[in-house]
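> Whatever this is, show me its structure:
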Amino acid sequence: MSDPLLAERAAVLAQIEALTREFEGVVDASRSSNADDEHDPEGATIAFERQQVVALLEQARSRLADVDAALARREAGGYGVCESCGRPIAPERLAARPAARTCIDCAR
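Below is the predicted model of the structure:
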């Protein structure tokens, strides 16, 4: 896939799918274990794993929203323009972060 935004979107969707399966696995594992996390030595680990997967899912969904917003900016003709200062975003930055909303100077 030569379109970096579409490639990024596909990668994020695959990550969300994998994390969703992982979350379901953790939930299933917790059903078969002692539900009392406070008194079960393994309970805290299961709760931690569940929260870690939830945090990763939230990050991936946020990244997907950023990519979708970049696709919308491209459709509207504003892709590659810094949302803060209005200058062009360097092609190197867009290559590294296709969904970038700001130039490197404004990102600092």
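
> what helix or strand does the most centrally placed residue in the chain sit in?
Nearest to the mean C-alpha position of the chain, counting by Cα atoms, centre = their mean, stands residue 60 at 1.9 Å. According to DSSP states H and E, residue 60 maps onto helix 43-76.

> List the buried residues for the next helix or strand after that helix?
Counting by DSSP H and E, the next helix or strand C-terminal to helix 43-76 is helix 91-96. Under the neighbour-count criterion of 16 or more other Cβ atoms under 10 Å, helix 91-96 has 93-94 buried. Any C-beta I mention is one placed from the backbone N, CA and C, and that applies to glycine too.

> So what touches helix 91-96?
Helix 91-96 is contacted from outside by 4, 80, 100, 103-104, using Cβ atoms under 8 Å, 6 or more residues apart in numbering.

> what mean pLDDT does it have?
The average pLDDT for helix 91-96 rounds to 94.

> next SSE after it?
helix 104-107.

> just to revisit the earlier point, how near is the residue nearest to the centre of the chain to residue 13?
Between residue 60 and residue 13 the computed distance is 9 Å (Cβ to Cβ, to the nearest Å).

> Could you do residue 92 as well?
25 Å.

> List the buried residues of whichever strand or helix holds residue 7.
Assessed by DSSP H and E, residue 7 sits inside helix 4-31. By neighbour count on 16+ other Cβ under 10 Å, the buried set for helix 4-31 is 4-5, 8-9, 12, 15-16, 19, 22-23, 26, 30.
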